[in-house]
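A.B. asks: For reference, the sequence and a predicted model appear below.
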Amino acid sequence: MNDTSQQHHSINELSALVELPLRTVRYYIQLGLVDRPIGEKKAAYYTAVHVAQLLAIRKWQNAGLSLDRIREILATPDTGLLPPPRPRGAGTVEVWSHLVIADGLEITLEPGRAGLNSDEVRALFRGVTTLYEQIKKGKDHGDE
């Protein structure tokens, strides 16, 4: 069995493991989003902790979060699968998605606060629309 928790990786190996460009990995380290390597210069190496940090950053970026927001999440222990909602303050600007399913039936959501990326928002809207149509079809046939 290959135990990666004890393995040491060069920055090139780290970059390949997390499927991120080397330049991006260095940038995240420079920003303080990822811990600095252990050791210095050519003897520097990275561990499973670094891999986990980079994978978490990629996960939150795929969910549409900014690097500033990711920094807040990583600084908070045990955030789980969804990022904690950012407190709203005066002057907060949010972009909301709005779906009109039928007259009198609408859904609004803010994808970032909901932890959804754009593909997930579209899937949610398609699913809700399909469910509504199924319910209406059943009602029209007397299947209440």
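C.D. replies: Received the coordinates, thanks. Computed from a predicted structure; not experimentally measured.
A.B. asks: Which strands or helices does the helix or strand hosting residue 119 pack on?
C.D. replies: In this assignment (DSSP states H and E), residue 119 forms part of helix 118-140. On a contact count with 3 or more CB pairs under 8 Å, 6 or more residues apart in numbering; DSSP states H and E, helix 118-140 meets strand 97-102, strand 105-109, helix 111-114. For every residue, glycine as well, the C-beta is placed using N, CA and C.
A.B. asks: Which of the ones you listed has the highest mean neighbour count?
C.D. replies: For those, the stretch with the most neighbours on average is helix 111-114, a mean of 17; neighbours defined as mean count of other CB atoms under 10 Å.
A.B. asks: what comes into contact with it?
C.D. replies: Contact partners of helix 111-114, identified using CB atoms under 8 Å, 6 or more residues apart in numbering, comprise 63, 64, 65, 69, 85, 86, 94, 97, 117, 118, 120, 121.
A.B. asks: so how far is the helix or strand of the chain with the lowest mean pLDDT off the chain centroid?
C.D. replies: Using mean pLDDT, DSSP states H and E, helix 111-114 stands out as the lowest-scoring helix or strand of the chain, at a mean of 76. Put simply, helix 111-114 sits 10 Å off its chain's centre (CA atoms, centre = their mean, to the nearest Å).
A.B. asks: CA atoms only: put it into CSV for me.
C.D. replies: Below are the C-alpha coordinates for helix 111-114, written out as CSV (Å, rounded to 0.1, in the frame of the first residue of the first chain):
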residue,chain,number,x,y,z
PRO,A,111,-25.0,30.9,-5.8
GLY,A,112,-21.9,31.8,-3.7
ARG,A,113,-23.9,31.7,-0.4
ALA,A,114,-25.6,28.5,-1.6
